[in-house]
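Q: could you work out the structure for the sequence below:
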Amino acid sequence: MKKFILILLVTSFITSCNNLTKKENFNIAIISIVEIDPIVQLRKGFKEVMDSSEFAKHHKINYTEYNAQNDAGIQNQIIDKVSLDKPNLIYVLGTPIAQAIQKRIPDVLLVQGTATDPVSAGLANSWEGSGKNYIATTDLPPVDKQIELIKELTPSVRKLGIIYNPGEVNSVAVISRLKKYIASNNVNIQLIERPISSTVDVATAINSLVGDVDAVYLPPDNTAYAAIPVIGKIANEYKLPFYASAESALNNGALATLSLNYFEMGRETAYLALEVLNGKDPKTLPIRASKNPTININEKVATSLGIDLTPFENKPHYVIEK
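A: Just a heads-up that it's a prediction; the model follows:
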């Protein structure tokens, strides 16, 4: 009898320990609109913080990753599947997909990494709080600093070519702000727009700008970024200064970028998500922005364009890439 009681107590103790150490499953769907470097970095940063968080000590975080490949048909298939799976959280990288998910699955917490303008996109009611089951960080570039950079490095620019997809709210929001800034500050720069609908259109768009503009600017546009090697190649071939909003563009021939660290933005987005998972109301959390974008200059491209970088060598937030 004593032996039986002892076995029963030991069994109960083991069962209790197992219950204490058993982690609750927490399912996260990560949905990317396309595979480009900023999105890769946003995913890495987000997962690093989530996996090392206090939340992860008590939950088994399961990731399911999807890539829409910038294809509307694939996007719809992904949303159909996710709506059936009902994950605990959706981390979305791409505004068109975020809009579709919010309409289809409004009851699941939607976390967006670097939404350029979530208010214009209808994802949030205001920058001070979405008013919805939605939180986000933003990569909205400060257009005043972008124009200042262009005028500092290439003061002779009068016509600035812009390649973008009008179907991407991100790009439209940035271009709208650029136009307003130029008009209200009497900046002597004319924007020459080249709209595209797919990456296939990019080569035609950049070639049509050659001889018609003094420089090219690429806003945060997933469609155009997917073909960034083409833009860099042609811009460099024709000695056309090329500006962008992601640091990785320097590897593809950009002269300079006014950019965010997308890995850090991914981390920041995860911290924002953890605030909600720890009890905060997603409806009241402000859209979170990076305060200090970095200016990265490609020394090799600058030299080929005859630009003297001496005045920029010791400026704060300026990095000259050798």
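Q: number of nearby residues for Cys314?
A: Not Cys; residue 314 is Asn. Counted with other CB atoms under 10 Å, the neighbours of Asn314 add up to 7. Every C-beta, even on glycine, is put in place using the N, C-alpha and C of the backbone.
Q: what's the answer for Ala56, then?
A: Counted with other CB under 10 Å, the neighbours of Ala56 add up to 15.
Q: over to Pro142?
A: By other CB under 10 Å, 14 other residues sit near Pro142.
Q: look up how far Tyr134 lies from the closest residue in space to it that isn't next to it in sequence.
A: Among residues not flanking Pro142 along the chain, Pro293 sits closest, at 6.8 Å (CB to CB, 6 or more residues apart in numbering). Pro293 sits at a distance of 24 Å from Tyr134 (criterion: CB to CB, to the nearest Å).
Q: comparing these two, which residue is more hemmed in?
A: Between Pro293 and Tyr134, counted using other CB under 10 Å, the more crowded position is Tyr134 (26 against 20).
Q: chain neighbours aside, what residue packs nearest to that one?
A: Nearest non-adjacent residue to Tyr134 (CB to CB, 6+ apart): Leu110, at 4.7 Å.
Q: over to the one you found. Which of the three states is it?
A: strand (DSSP: H, G, I helix; E, B strand; the rest coil).
Q: those strands in the chain, which residues are they?
A: Using DSSP state E, the strands found in the chain span residues 24-32, 59-67, 89-93, 109-112, 134-138, 159-164, 190-195, 215-218, 242-246, 256-260, 288-289, 294-298, 318-321.
Q: who does the third one touch, helix- and strand-wise?
A: In this case it means strand 89-93. The elements that strand 89-93 packs onto, with contact taken as 3 or more CB pairs under 8 Å, 6 or more residues apart in numbering; DSSP states H and E, are strand 24-32, helix 37-51, helix 95-104, strand 109-112, helix 262-277.
Q: just those: most buried one?
A: Each of the helices and strands packed on strand 89-93 was given a mean neighbour count from mean count of other CB atoms under 10 Å, and the largest, a mean of 24, is that of strand 109-112.
Q: and the contacts of that strand?
A: If you take CB atoms under 8 Å, 6 or more residues apart in numbering as the criterion, strand 109-112 is touched by 88-93, 95, 98, 101-102, 118, 123, 132-137, 269, 272-273, 276, 282.
Q: partners of that strand in the sheet?
A: Paired with strand 109-112 in the same sheet, following DSSP bridges, are strand 89-93 (parallel), strand 134-138 (parallel).
Q: just the mean pLDDT for it, thanks.
A: Averaged over strand 109-112, pLDDT sits at 98.
Q: hey, C-alpha coordinates of that strand in CSV?
A: The C-alpha coordinates for strand 109-112 follow below in CSV (Å, rounded to 0.1, in the frame of the first residue of the first chain):
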residue,chain,number,x,y,z
LEU,A,109,-4.3,40.9,-34.7
LEU,A,110,-2.7,42.4,-37.8
VAL,A,111,0.9,43.6,-37.4
GLN,A,112,2.5,45.5,-40.3
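Q: related to what we said a few turns ago, who wins for proximity to Ser248 among the helices and strands packed on strand 89-93?
A: Set against Ser248 and scored by CB to CB, the helices and strands packed on strand 89-93 come closest in helix 37-51, at 4.0 Å.
Q: from the middle of its chain, how far away would that closest one be?
A: 10 Å (CA atoms, centre = their mean, to the nearest Å).
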